[in-house]
Every structure is written in structure tokens, then in C-alpha cells.
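K.L.:
need a structure here:
(one chain, ligands or ions: 2)
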Amino acid sequence: MPLAEIKRKIKIAPSILGGDQANFAAALEIAVKGGADQVHLDVIDGHFAPNITFGPGTVKALRKRTDLKFDTHLMIDEPEKFVDKFLDAGSDLFCFHAEALTGERFDALYSKIHSKGKVIGLALKPSTEMPEWVEKRLDKLDTLCVMTVNPGFSGQSMIMSVMPKLEKITQMLNDKGLPIDIEIDGGVELETLEHVVKRGGNVLVAGAGVYYKPDPIKAVGILREKAKQAIATGAA
Ligand code: DX5
Ligand code: ZN
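P.N.:
Ligands and ions are numbered 1, 2, ... in the order given. Have a look, this model is predicted:
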């Protein structure tokens, strides 16, 4: 079956971790002005991944400035300890790491998040294959986030060895008839996006791909156009 059997809309999600860390509000404004579909907020606790970023207080302060979808990527151990705080802060999508959860713990988080009208996603590190408990719960997901760098930092190069896994995931979601978002996180640039878009990735997280550019506002639209072109030229 062809990879592009389910058509997913291209969405651009600037990751403010790539922006000015002394001014996340400015990074958010760039995403809004650039016409981003959602803004990607990387929460890292220094345990799950080797960096410390920001927490619910920052998310809450940013929430006052926009209605844009807050795609919250929680690279943290024991996410249960913080989920209420991020609900209160105004996160829309809660993307947890499969490596930090079990099926039962996911189920509890799912109930809580959906009872508040918010949605849930799962992320996989580059070297993590989809666990069986995740496969059984794909119909509960808004987003499956395929990481193409190891969690921690903006500005890393895309890890190409993830491509076979991405193909497998896209195929699996298409076979199950699940039109959920396939988010690609890490090293998405004009030069690399073709590899992931042709394999089914539709939500493109971009830190360096937006914020390291001379005109980051324009970069959002340029990424989107390039991704659409890549789709138009066919499957991988
Ligand atoms: C890495 C983060 C990514 C990162 C992406 O831990 O999850 O979202 O900010 O940055 P780029 O696009 O620069 O690789
Ligand atoms: Zn991320």
C-alpha cells in the first residue's frame, strides 16, 4: 500500500527552544506572525534528557499572549506529577514519551487530559521501536511524535537511521485507518524535510529551521511550501 494513502495536512510547529531563550515571548510571536499551525514547547527535566528548559510557569505566561495550539513535548520522568500544572497552564497537546510510561499509566493520563478537552500524543526517541502497549492505544492519540534527534537540544542533525521506523509507523497508521498527526522532531530543515515528508511525516517541528534563519517569520512559510512541493513530487 502506498505511504501517502492517508492525506495528512502539513503543519509547521516552531520549537521555541531554538529561539532566544532570554525571550520566549518573542519566539512565540515569531511563530504566530509566521502563520505556524502550532507552537512546540520542549519541557526537559534534566533526568529524562540532558538539559533543563522551562516548566508550567513559562507555559502559563505564554498562554496569555496567544490562542495558538500549545504542543507540549514533555521530556520528563514521572509526567503524572506535572500534568495538572500543565493543564492549568493551558497546554493543548500533551506529548509524553513512551519510554517514560506504561500502558496503565498512559490510560490514567488519557482519561484526565480528555476530561479537560485536551489531547494526548506519544513520542519515541530515535532508538525506540514502538512498544506493544503503544500499538494497542494508537486510536487514543492525536499525535505520534517520531524523534529524529536525541532529546535535549535544538540545532542537532537529523538522524537518518530513523527513516525505516517512520515508514513502518506511517504504514501501520494508514493500515489502521488512523489519520492522526505524525510529528517529526529534530533536525527538520529545508534540506532534510523531504526525507520525512515523503515518508508520511506531516507535523514538522523546527527549532533551528526557523529561529536560526535571518528571517524566522518568513522561514515558517518557506518550510511549509517546500514540504508541500516534496509531497507533490511523490512518495519515497
Ligand atoms: C529536542 C527537542 C526538539 C528541538 C528541535 O529535545 O525535542 O523539539 O527543539 O530543534 P531543531 O529543529 O533545531 O532540531
Ligand atoms: Zn521537541
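
K.L.:
Show me where this protein dips below the pLDDT cut-off.
P.N.:
By pLDDT under 70, the weakly predicted segments of the chain are 1-4, 235-236.

K.L.:
So the residue in it positioned nearest to ligand 2, which state does it fall into?
P.N.:
In the chain, the residue that lies nearest ligand 2 is His73 (3.7 Å; C-beta to the ion). Where you see a C-beta, it was placed from the backbone N, CA and C, and this is true even at glycine. Put simply, His73 is strand when judged by DSSP: H, G, I helix; E, B strand; the rest coil.

K.L.:
surely it meets Val43?
P.N.:
Yes - under the criterion of C-beta atoms under 8 Å, His73 makes contact with Val43 at 6.7 Å.

K.L.:
More neighbours: which of these two?
P.N.:
For His73 versus Val43, the count of surrounding residues by other C-beta atoms under 10 Å is larger for His73: 28 against 24.

K.L.:
For that one, name its beta-bridge partners.
P.N.:
For His73, the beta-bridge partners under DSSP bridges are Asp42, Cys95.

K.L.:
ok, and what's touching the lengthiest helix in the chain?
P.N.:
In the chain, taking DSSP state H as the definition, the longest helix is helix 216-232. Helix 216-232 is contacted from outside by 4, 10, 12, 14, 19, 30-31, 33-36, 188, 190, 193-194, 197-198, 204, 206, 209-210, 213, using C-beta atoms under 8 Å, 6 or more residues apart in numbering.

K.L.:
For the residue in the chain positioned nearest to ligand 1, what are phi and psi?
P.N.:
Going by C-beta to the nearest ligand atom, ligand 1 is nearest to Gly207 of the chain, at 2.7 Å. Torsion angles at Gly207 (phi, psi; degrees, to the nearest 10) stand at phi -90, psi -80.

K.L.:
Number the chain from 3, please
P.N.:
Renumbered: residue one is now 3, and that last one reads Gly209.

K.L.:
Pull up the distance across stretch 13-27, start to finish.
P.N.:
In stretch 13-27, first residue to last residue: 21 Å (C-alpha to C-alpha, to the nearest Å).
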